[in-house]
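K.L.:
what follows is a predicted structure for the sequence shown.
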Amino acid sequence: GAGVSQSPSNKVTEKGKDVELRCDPISGHTALYWYRQSLGQGLEFLIYFQGNSAPDKSGLPSDRFSAERTGGSVSTLTIQRTQQEDSAVYLCASSSVSGGAGELFFGEGSRLTVL
Amino acid sequence: DQQVKQNSPSLSVQEGRISILNCDYTNSMFDYFLWYKKYPAEGPTFLISISSIKDKNEDGRFTVFLNKSAKHLSLHIVPSQPGDSAVYFCAASGRAAGNKLTFGGGTRVLVKP
């Protein structure tokens, strides 16, 4: 498709399990972002990729969270030993602007529920 | 600390009237501002933006105003339509503020027919 694609769209997991969330950005977009939206909250920045490198990881809440990007395209966000407070919608966005965020194009998000 | 704030969590307006959404920011390094619209179970979609060198940008029914001295921006929707009912997020960015968008908490708009 032409837009940002995220999978899974919904994930229910038990506390303590690991989860992987995937993002396919728009083809040719060099910048990729992960945000999350907890219930009733705004969008919280997690990490930003320029190509395969992550110049800004400042939003990752703890060392249980990690992300990688390969081939300048697909990105995976991994949450280890999930906790109930990790429940949120995880949004991926991409942009063609390198250096300075311009318009971001968002996927539909992956809703994570930790029981 | 919240660098971008939307102090009104919700707004209700009659169809055909004007909707005014407000946003305040604290980081003077921000130089580009955007509004996003979000429907339930969908990702946010870009609506309109403004650079800090301007004080107004208009696109159809949507106008964004920027007051740099007050660190305040607003989005005007006129006339409001039922399809405008959504959550609206204000966002800001700047090369000196990091290569990311910082979002406000959102304002839920309900346009009543």
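P.N.:
Cool, the structure landed.
K.L.:
pick out the residue in chain A sitting closest to chain B.
P.N.:
Closest to chain B within chain A is A:Phe106: 3.3 Å, counting by Cβ to the nearest Cβ. From N, CA and C alone the C-beta is placed, and that goes for glycine too.
K.L.:
next, count neighbours for that residue.
P.N.:
A:Phe106 has 22 neighbouring residues, counting by other Cβ atoms under 10 Å in any protein chain shown.
K.L.:
please apply the same query to A:Arg81.
P.N.:
A:Arg81 has 11 nearby residues by other Cβ under 10 Å.
K.L.:
what does chain B have sitting close to chain A?
P.N.:
Within chain B, the residues that sit near chain A (Cβ under 8 Å from any Cβ of the partner chain) are B:6, B:32, B:34, B:36, B:41-46, B:49, B:89, B:91, B:93-95, B:98-106.
K.L.:
try 6 Å this time
P.N.:
Taking Cβ under 6 Å from any Cβ of the partner chain as the test, the list of chain B residues beside chain A reads B:42-44, B:46, B:93, B:95, B:98-101, B:103-106.
K.L.:
who's A:Lys11 bridged to?
P.N.:
A:Leu112 (DSSP bridges).
K.L.:
any stretches of chain A with poor pLDDT?
P.N.:
A:1, A:98-102 (pLDDT under 70).
K.L.:
same deal with chain B?
P.N.:
For chain B (pLDDT under 70), the answer is B:1, B:96-99.
K.L.:
let me know how buried the nearest residue to the residue of chain A closest to chain B once chain neighbours are set aside is, in neighbour terms.
P.N.:
Computed as Cβ to Cβ, 6 or more residues apart in numbering or on different chains, the closest residue to A:Phe106 that is not its neighbour in sequence is B:Gly43, at 3.3 Å. B:Gly43: 22 surrounding residues under other Cβ under 10 Å.
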